[in-house]
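Trainee: Got a predicted structure plus its sequence, pasted below:
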Amino acid sequence: MTDRIRSHGTGAITVGVLVFLYAPLMIVVLFSFHSTGGLSFPFQGFSLRWYEAVLGNTEFRRALANSTIVAFSTSLATLVIGMLASLGIAKMHGRLRSVIGAFFFVPLTLPGLFIGLSLLVWFSRIELPPSLTTVTFAHVIYVFPYFILILLAVLDRLDLTLEETAADLGANAWQVFWKVTFPQVWPIMIAASCLTFALSFDEFIITFFVIGSESTLPMYIWSQLRRTVNPTINVISTLLLATTMLLWVVAFVAVLRSERRRRYSISKGAFTP
Amino acid sequence: MVTVQRLERLPLGPLALALPAIIGIALLFVAPFITFVVYSVLTAGVLPFQADAPITLDAYGHFLNSGVNHNLARNSAWTGLFAAVTTVAISLPVAFWLRYAAGSHRNLVLLLITATIFASYLVRIYAWRSMLGQNGVLNSALISVGVIDAPLQFLLFNRFAVTIALIHIFLPYVVLLLYAALGPVSINLLEAAQDLGAGVTRRWTHVLLPLVAAPAATAFIFVFILSASDYVTPQFLGGTKGIMLGVRIQESFLKTGDWPAGAAGALTMLVAFLLLYLIVSFALRLLGLRSVRFVS
């Protein structure tokens, strides 16, 4: 009982919020399985016909492939750059640390509209034509602060003396990383990479300005939103929802598990990864 | 001396490890933003999508003197305000419940709420269009139950629809932020207030609200800025009445091609956001709410 207090209707409000958050999304999912072209009640039975229509559509397949390529490149580049950067910053102290740390979070201060516009002007200035490459550049800048945010929260609680001990015992930098640091941080690296993949896979606001004539899944939905009035857009929405929300659940569980493991090993009195 | 020893031991110093990221941010954020600011003081070229010397503040002048822009700016400000106030007001009791009353349901509800952060932005906009439309889910459900005879017309293509969708988008972030803010506020504090005879209202106004005022203000600014600068939601849900400044700025970049005008508009909006931030921080400090912190 120490943890609880009379809630005075806040529980009811929470239930209301859950309904508000999920009802519209569930309606979208429900009507993706509709047997007719109708988009509102009465619901007239289940069918997979719209899924067949979407999966057979070459425009959709191209958008899906592009989104996957961009999200994969983005999360890989962010993983490498972000891992190095967060290891670097975890070892910094004092003023240097706060300056570099603040610099890493600078992209978070601007709403997507401004980042997209700046990049549009910049890429045109340096004569880099819009393509999936410019989209990937834009996405890396967008997801980087989130990646660092998650990794730093974890790295700061790691025992850096372990690394120093390993170095004292003759391990080189590479061995220190692989044998000491990596075993401690890999669940978080997976979680953070799931997040960056999901963020990139779903990004629209910035992408819109730097993509040119190519397409990604959100761009495809955007173009469909302007014309289609049949459940194919529900199907694409459902697939996008399923992908990004599944990645989030994987990330959430990975964080919980690493947290539990950490507590367990600390309670055992030793850090045994 | 410690740093020197470390640098000697590791072939890569901390700064070298951070270097790729520093270069990346410089090339893909700092330089683009500076270029953007420069474009706002250039003159639009004869051809669209171009801008050149001479340097002038004309774009700012035109932007600030246009009646259309005033209307759009007012629309953006009201939408941002409604979305931000409502989101924070709804999130407070939810954060309260999660922190003090959720018990064993906490992780599940937290997971459910935060999972919707990753529910695609465009999908939410579409979801609300199909909910609120004339033949939408809400109207057809109300008609079949018999509450109304004819579809409600005021649901879609106005500021209301835009605001609802924006609340839907930002609510999970704000719940998370306020829940984290309540973390250090011990339940003992509430129980002590209760034991001393404070009712629910007094516990909120005299204990909880002063403690979460600063994070709640942060959440307010966050939702306001992101809502007021949104250019997609108003396009699909706002109709002609709900159109906002962001849409016009986006159009000057991709449709009309007057880049200085768009850049000047965007930067004016950014300055307005900065002013709002300064005003809110000043107000908090004036009320003495800035540095209040209770750790259990």
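Mentor: Received the coordinates, thanks. Numbering: from 1, shown residues only, chains lettered A, B, ... in the order given.
Trainee: Who are the contact partners of residue 130?
Mentor: I'll assume chain A. A:123, A:210, A:211, A:212, A:213, A:214 (Cβ atoms under 8 Å, 6 or more residues apart in numbering or on different chains). Quick note: C-beta positions are derived from backbone N, CA and C, even for glycine.
Trainee: Can you look at chain B instead?
Mentor: A:24, A:27, A:28, A:31, A:39, A:40, B:136, B:137.
Trainee: For chain B, state which of the contacts of residue A:130 is nearest.
Mentor: The closest of these to chain B turns out to be residue A:123 (Cβ to the nearest Cβ; 8.0 Å).
Trainee: Count the residues that sit near that closest one.
Mentor: Using other Cβ atoms under 10 Å in any protein chain shown, residue A:123 has 23 other residues around it.
Trainee: Hmm, it is touching residue A:210, no?
Mentor: Yes. Using Cβ atoms under 8 Å, residue A:123 is in contact with residue A:210, at 6.3 Å.
Trainee: The longest helix seen in chain B packs against which elements?
Mentor: Longest helix in chain B by number of residues, with DSSP state H as the criterion: helix B:67-96. In terms of contacts (3 or more Cβ pairs under 8 Å, 6 or more residues apart in numbering or on different chains; DSSP states H and E), helix B:67-96 is packed against helix A:10-32, helix B:159-182, helix B:209-228, helix B:245-254, helix B:259-286.
Trainee: Now the element after that helix, going C-ward?
Mentor: The helix or strand immediately downstream of helix B:67-96 is helix B:106-115, counting by DSSP states H and E.
Trainee: quick one: buried residues of that following helix?
Mentor: Going by neighbour count (16 or more other Cβ atoms under 10 Å in any protein chain shown), the buried part of helix B:106-115 is B:109, B:110, B:112, B:113, B:114, B:115.
Trainee: got it, and stretch B:53-70?
Mentor: Buried residues in stretch B:53-70 (16+ other Cβ under 10 Å): B:58, B:59, B:60, B:63, B:69.
Trainee: next one: stretch B:210-229
Mentor: Applying 16+ other Cβ under 10 Å to stretch B:210-229 flags B:211-229 as buried.
Trainee: Go back to those residues and keep what's next to chain A.
Mentor: B:225, B:226, B:229 (Cβ under 8 Å from any Cβ of the partner chain).
Trainee: Would you agree the last one is in contact with residue B:269?
Mentor: Yes. Residue B:229 is in contact with residue B:269 according to Cβ under 8 Å; the separation is 6.4 Å.
Trainee: any residues in contact with both of the two?
Mentor: Common neighbours of residue B:229 and residue B:269, counting by Cβ under 8 Å, 6+ apart, are B:76, B:245, B:246.
Trainee: Quick check: of these, which lies closest to chain A?
Mentor: residue B:246 (5.6 Å).
Trainee: The closest one: neighbour count?
Mentor: 26.
Trainee: so what's it scoring on pLDDT?
Mentor: Looking at residue B:246, its pLDDT is 91.
Trainee: Residue of the stretch 151-296 of chain B closest to chain A, please.
Mentor: residue B:229 (4.5 Å).
Trainee: Select, out of the helices and strands packed on helix B:67-96, the one closest to residue B:144.
Mentor: Across those, residue B:144 has its closest neighbour in helix A:10-32 (14.6 Å, Cβ to Cβ).
Trainee: and the closest one, anywhere near chain B?
Mentor: Yes. Interface with chain B: helix A:10-32 contributes A:10-11, A:13-14, A:17-18, A:20-25, A:27-28, A:31 (Cβ under 8 Å from any Cβ).
Trainee: Could you tell me which ranges of chain B sit under the pLDDT cut-off?
Mentor: B:1-12, B:290-296 (pLDDT under 70).
Trainee: what secondary structure does residue B:56 sit in?
Mentor: coil (DSSP: H, G, I helix; E, B strand; the rest coil).
Trainee: nearest residue to it other than its sequence neighbours?
Mentor: residue B:43 (5.7 Å; Cβ to Cβ, 6 or more residues apart in numbering or on different chains).
Trainee: picking that back up, which of the contacts of residue B:130 sits closest to residue B:155?
Mentor: So of these, ranked by how close each gets to residue B:155 (Cβ to Cβ), first place is residue B:136, at 7.2 Å.
Trainee: Mind checking which residue lies nearest the centre of the chain?
Mentor: This is for chain A. residue A:195 (2.6 Å; Cα atoms, centre = their mean).
Trainee: I was thinking of chain B, sorry if that wasn't clear
Mentor: residue B:223 (2.5 Å).
Trainee: Just list the residues touching that one, thanks.
Mentor: Applying Cβ under 8 Å, 6+ apart, we find residue B:223 in contact with B:80, B:83, B:84, B:87, B:88, B:166, B:170, B:174.
Trainee: coming back round to it: what's the separation between the residue nearest to the centre of chain A and residue A:202?
Mentor: In this view, residue A:195 and residue A:202 are 11 Å apart by Cβ to Cβ, to the nearest Å.
Trainee: now swap in residue B:135 and tell me
Mentor: Residue B:135 is 28 Å from residue A:202, by Cβ to Cβ.
Trainee: ok, these two, which is more surrounded?
Mentor: Remark: of residue B:135 and residue A:202, residue A:202 carries more neighbours, 25 against 14, as counted by other Cβ under 10 Å.
Trainee: close enough to count as contact, the more buried one and residue B:124?
Mentor: No. Using Cβ under 8 Å, residue A:202 is not in contact with residue B:124; the gap is 10.7 Å.
Trainee: Contacts only, for residue A:203.
Mentor: Shown in contact with residue A:203 (Cβ under 8 Å, 6+ apart): A:139, A:142, A:218.
Trainee: confidence score at it?
Mentor: The per-residue pLDDT reported for residue A:203 equals 93.
Trainee: Got phi/psi on it?
Mentor: The phi/psi pair for residue A:203 (degrees, to the nearest 10) reads phi -70, psi 130.
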